[in-house]
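Visitor: generate coordinates for the sequence data below:
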Amino acid sequence: MKYFALFLLLIITCSVNLLAQQNAPQTSLAVKGEKHLANIKQLTFGGENAEAYFSFDGKKLIFQSKRGEHQCDQIYSMNIDGSDVKMVSNGEGRTTCSYFFKGGKKVLYASTHGGSRECPPAPDFAKYGYVWAIYPDYDIYTATPDGKNIKNLTNSPGYDAEATVSPDGEKIVFTSERDGDLELYSMDIDGKNIKRLTNEPGYDGGAFFSPDSKWIVYRGSHPTDPALIAKDKDLLKQHLIVPTVFEVWVMKSDGSEKHQVTKLNAASFAPFFTPDGKKIIFCTNYFATDAKKRNFDLALINVDGTGLEQVTFNESFDGFPMFSPDGKKLVFASNRNDAKPGDTNVFIADWIN
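Guide: Numbering: from 1, shown residues only. Model (predicted):
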């Protein structure tokens, strides 16, 4: 009886300690200098998780993850507290760049499953160095939030991906190589009335609308050296790009009034407007001090290119930021608090102006 009582006491003590750990504030997730972030909470644990984006009511997140039996990224949704994780994509091919429609009745994402049910091969870094694969089988699909009723939104030769929906719910902006280069296009939410928005040689992509849906922010790589232009074209024929230098750009939603925001000569990408539309938060290795520039942080900049400010100070990777519709929270991906080197997880924080 005495041993049973001790055993019971041990179980209760362990349970109380575990509950305390789960409910304890994760103060260790903050890094010195991150004055804009409070109450950082980790939502995923282990593996590769990124590009988490809010639903229009701010209650859900949709993101891509490589986990379980799947050998490449699939699309998942979850509540903003990390609960109720569900796979949205069909488990075939490789997926990326998911987003909610306004009203929450549909989602979109890009997938290669129309070309093959298998994962496409990873690029050969030994041959080309660090490159991104631009899989030609990528098309944009819509589905209900439970992953059912999958339908093509695009069905053209070459890469179609990186789609996001305007806050007014009327337009979609996306990246495509349908005209032989990686350019930005807009279309109605039903896939009709496709319009090309960019025309410069090089890559344009990763676009998001401003809160009033009147502007678009995006990343662009526009080399002027003829040799670099020729190299980019040769790589694109092999469905590859070199993500070495991106700058942040903005334009009106009809493609007019394009202008470059950053001039950092760095890999700056994943831009998103602040809730007031006056600044842009983005990911960049501009502040990196390591030789290979592998340390990426979040930064803020005014739309006119002034006032650059470092937001995160984690010495690995912080990227893919998005504000909640009410502007009170920021979701982002990070290598911080990784269980093993290279783990990328989704985090959410209160935003402090």
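Visitor: burial of the nearest residue to His70 once chain neighbours are set aside, as a residue count?
Guide: Spatial nearest neighbour of His70, chain neighbours left out: Gly91 (6.3 Å); criterion: Cβ to Cβ, 6 or more residues apart in numbering. (C-beta placed from N, C-alpha, C; glycine too.) Per other Cβ atoms under 10 Å, the neighbour tally for Gly91 reads 14.
Visitor: kindly report the same for the one 4 residues further on.
Guide: A count of neighbours around Thr95, defined by other Cβ under 10 Å, yields 26.
Visitor: distance check, it against Gly114.
Guide: 11 Å (Cβ to Cβ, to the nearest Å).
Visitor: next one, pLDDT for the spatially closest residue to Arg336 that is not a sequence neighbour please.
Guide: Leaving aside its chain neighbours, Arg336 sits nearest to Asn314 (4.6 Å; criterion: Cβ to Cβ, 6+ apart). Asn314 is assigned 94 on the pLDDT scale.
Visitor: Asn314 touches Phe332, doesn't it?
Guide: No. With contacts defined as Cβ atoms under 8 Å, Asn314 does not count as touching Phe332, sitting 10.2 Å away.
Visitor: neighbour-wise, which of the two wins?
Guide: Between Asn314 and Phe332, Phe332 has the larger neighbour count (other Cβ under 10 Å), namely 27 against 19.
Visitor: Glu92: what's it in contact with?
Guide: When the contact criterion is Cβ atoms under 8 Å, 6 or more residues apart in numbering, the partners of Glu92 are Ser111, His113, Arg117.
Visitor: quick one, phi psi at the first one?
Guide: In other words, Ser111. Backbone torsions for Ser111, taken as degrees, to the nearest 10, come to phi -150, psi 150.
Visitor: that one and Asn302, how far apart?
Guide: Taking Cβ to Cβ, one finds Ser111 at 36 Å from Asn302.
Visitor: the more surrounded of the two?
Guide: Set Ser111 next to Asn302 and count neighbours by other Cβ under 10 Å: Ser111 wins out with 28 against 14.
Visitor: secondary structure class of the residue nearest to Arg336, three-state.
Guide: Three-state assignment for Asn314 (DSSP: H, G, I helix; E, B strand; the rest coil): coil.
Visitor: quick one: it and Ala299, what's the gap?
Guide: Separation of Asn314 from Ala299 (Cβ to Cβ) stands at 13 Å.
Visitor: quick check: neighbours shared by the two?
Guide: Common neighbours of Asn314 and Ala299 are not found (criterion: Cβ under 8 Å, 6+ apart).
Visitor: what's the helix or strand for the residue positioned nearest the centre of the chain?
Guide: Centroid-nearest residue in the chain: Glu51, 2.8 Å away (criterion: Cα atoms, centre = their mean). Take DSSP states H and E as the rule and Glu51 turns out to sit in strand 48-54.
Visitor: coming back round to it: any chance of TSV for the contacts of Glu92, columns pLDDT and distance to Asp290?
Guide: Shown next, in TSV, are the contacts of Glu92 (pLDDT from 0 to 100; distance: Cβ to Cβ, whole Å):
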residue	pLDDT	distance to Asp290
Ser111	98	34
His113	97	37
Arg117	96	39
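Visitor: so who does Phe208 touch?
Guide: Here Phe208 is in contact with Thr164, Val173, Ile216, Val217, Tyr218, Pro271, Phe272, Phe273, Met322 (Cβ under 8 Å, 6+ apart).
Visitor: mind putting these into CSV with distance to Gly147, secondary structure and neighbour count?
Guide: Output for the contacts of Phe208, formatted as CSV (distance: Cβ to Cβ, whole Å; DSSP: H, G, I helix; E, B strand; the rest coil; neighbours: other Cβ atoms under 10 Å):
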residue, distance to Gly147, secondary structure, neighbour count
Thr164, 19, strand, 23
Val173, 24, strand, 24
Ile216, 28, strand, 27
Val217, 29, strand, 24
Tyr218, 28, strand, 27
Pro271, 29, strand, 27
Phe272, 26, strand, 23
Phe273, 29, strand, 23
Met322, 22, strand, 20
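Visitor: please report phi then psi for Ala163.
Guide: For Ala163, the backbone dihedrals (degrees, to the nearest 10) come out as phi -90, psi 140.
Visitor: identify, from the contacts of Glu92, the entry nearest to Ile62.
Guide: Ser111 (13.6 Å; Cβ to Cβ).
Visitor: what about that closest one, distance to Ala207?
Guide: For Ser111, the distance to Ala207 (Cβ to Cβ) stands at 19 Å.
Visitor: ditto for Asn90
Guide: With the distance defined as Cβ to Cβ, Asn90 ends up 26 Å from Ala207.
Visitor: can you pull the contacts of the closest residue to Asp297 other than its chain neighbours?
Guide: The spatial neighbour of Asp297 that comes closest, neighbours along the chain excluded (Cβ to Cβ, 6+ apart), is Thr312 at 4.6 Å. Residues in contact with Thr312, defined by Cβ under 8 Å, 6+ apart, are Val31, Glu34, Leu37, Asp297, Leu298, Asp318, Phe332, Ser334.
Visitor: that concludes my questions; thank you for your assistance.
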